[in-house]
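Asks: Sequence unavailable; structure follows:
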């Protein structure tokens, strides 16, 4: 049986609810935007440094 748009929407909402419940259990629902921004910046910095260290001049 083909999966329709409504079924996909319900599935997406169920997945979102599960993610929200998991975040709440872990206390991540209290994370501030400043903390989130800092995590993103740190990840991007690490990724940039890793890219540079793997660079080999040709």
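Replies: Right, received. Where do you want to start? In this text, all values refer to a predicted model and were calculated from it rather than measured experimentally. Numbers count the residues shown, from 1 in each chain.

Asks: Report the buried residues of the helix or strand hosting residue 13.
Replies: Under the criterion of DSSP states H and E, residue 13 resides in helix 5-26. For helix 5-26, a neighbour-count test (16 or more other Cβ atoms under 10 Å) marks nothing as buried. From N, CA and C alone the C-beta is placed, and that goes for glycine too.

Asks: Following element in sequence after it, please.
Replies: Per DSSP H and E, the first helix or strand lying C-terminal to helix 5-26 is helix 33-54.

Asks: and that next one, how far from the chain's centre?
Replies: 14 Å (Cα atoms, centre = their mean, to the nearest Å).

Asks: remind me which residues of the protein are low pLDDT?
Replies: 1-2, 55-58 (pLDDT under 70).

Asks: And the residue nearest the centre of it?
Replies: residue 40 (9.7 Å; Cα atoms, centre = their mean).

Asks: Run through the residues that contact that one.
Replies: Residues in contact with residue 40 (Cβ atoms under 8 Å, 6 or more residues apart in numbering): none are found.

Asks: how much space is there between it and residue 52?
Replies: 19 Å (Cβ to Cβ, to the nearest Å).

Asks: How about residue 27?
Replies: For residue 27, the distance to residue 52 - Cβ to Cβ - is 35 Å.

Asks: Ok, residue 16 next?
Replies: 37 Å.
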